[in-house]
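**Q** This is the structure alone, sequence omitted:
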């Protein structure tokens, strides 16, 4: 049983958003210039109106497009990894995403600012995601081989708790709120992620 995601986000909406990001990335590489939203929509085989429902400006789309390609995938992290230890695997997944986040801090802050503005201004459309959930696939891939160790409720809570540790938001905390180096932040997150996994395993044994 997979962790529950926000029910209002359909698979089609998420695929459309992903298609727009991929189309923008292709055009950026092929054209060597800033494409228009019309060009991106045509490349993604969607209408201009659909493109604007997902990204209110071409700038918000083009900030995120290069990041989409930079995010480690389950295949790149675990493709040749035979390990089944959930502690080892969750640490490996977090480490890969940590490096990507700190390497792309400026762009990720712009992307985060854009999504926060859309939510706070009321411009986010119903059933249209303002963020791509990239961390979820990594967490699921990390825990997958040991899935039988977790009861469903414990796994669901674990997935959600790990989602707080993985990604951009924790970087902002460790840069702005509790300012520490990237290396120390990585050590703290490693400890936290493994502690949560151990707790979920123990909870599932009761």
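**A** Perfect, thanks for sending it. Since the model is a prediction, treat every value here as computed from it, not as a measurement.
**Q** Give the lowest-confidence helix or strand of the protein, using mean pLDDT as the measure.
**A** Least confident helix or strand of the chain, by mean pLDDT, DSSP states H and E, is helix 105-121 with a mean of 76.
**Q** Quick one: residues contacting the residue positioned nearest the centre of the chain.
**A** Residue closest to the average C-alpha location in the chain (C-alpha atoms, centre = their mean): residue 134, at 2.6 Å. By C-beta atoms under 8 Å, 6 or more residues apart in numbering, residue 134 lies in contact with 68, 71, 97, 167. Glycine gets a C-beta too; all of them are placed from N, C-alpha and C.
**Q** That one and residue 195, how far apart?
**A** The gap separating residue 134 from residue 195 is 23 Å, by C-beta to C-beta, to the nearest Å.
**Q** What helices and strands are in contact with the least confident helix or strand of the chain?
**A** Secondary-structure packing of helix 105-121 (3 or more C-beta pairs under 8 Å, 6 or more residues apart in numbering; DSSP states H and E): helix 58-70, helix 168-172.
**Q** Reformat the ones you listed into a markdown table and put mean pLDDT, mean neighbour count and distance to residue 159 next to each item.
**A** Formatted as a markdown table, the helices and strands packed on helix 105-121 follow (pLDDT from 0 to 100; neighbours: other C-beta atoms under 10 Å; distance: least, C-beta to C-beta, whole Å):
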| stretch | mean pLDDT | mean neighbour count | distance to residue 159 |
| --- | --- | --- | --- |
| helix 58-70 | 79 | 18 | 22 |
| helix 168-172 | 92 | 18 | 16 |
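**Q** Dump these to CSV, plus distance to residue 101.
**A** Shown next, in CSV, are those (distance: least, C-beta to C-beta, whole Å):
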stretch, distance to residue 101
helix 58-70, 10
helix 168-172, 5
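**Q** Provide a list of residues in contact with residue 50.
**A** Per C-beta under 8 Å, 6+ apart, neighbours of residue 50: 16, 41.
**Q** Contact partners for residue 135?
**A** 97, 162, 163, 166, 167.
**Q** between these, which has the most around it?
**A** Counting neighbours by other C-beta atoms under 10 Å, residue 162 leads the contacts of residue 135 with 27 neighbours.
**Q** Where does it sit, in terms of helix or strand?
**A** Using DSSP states H and E, residue 162 maps to helix 152-165.
**Q** repeat for residue 97
**A** Here residue 97 is assigned to helix 86-103, by DSSP H and E.
**Q** one step back: save the contacts of residue 134 as TSV, and put in distance to residue 24 too.
**A** TSV is the format used below for the contacts of residue 134 (distance: C-beta to C-beta, whole Å):
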residue	distance to residue 24
68	9
71	15
97	22
167	21
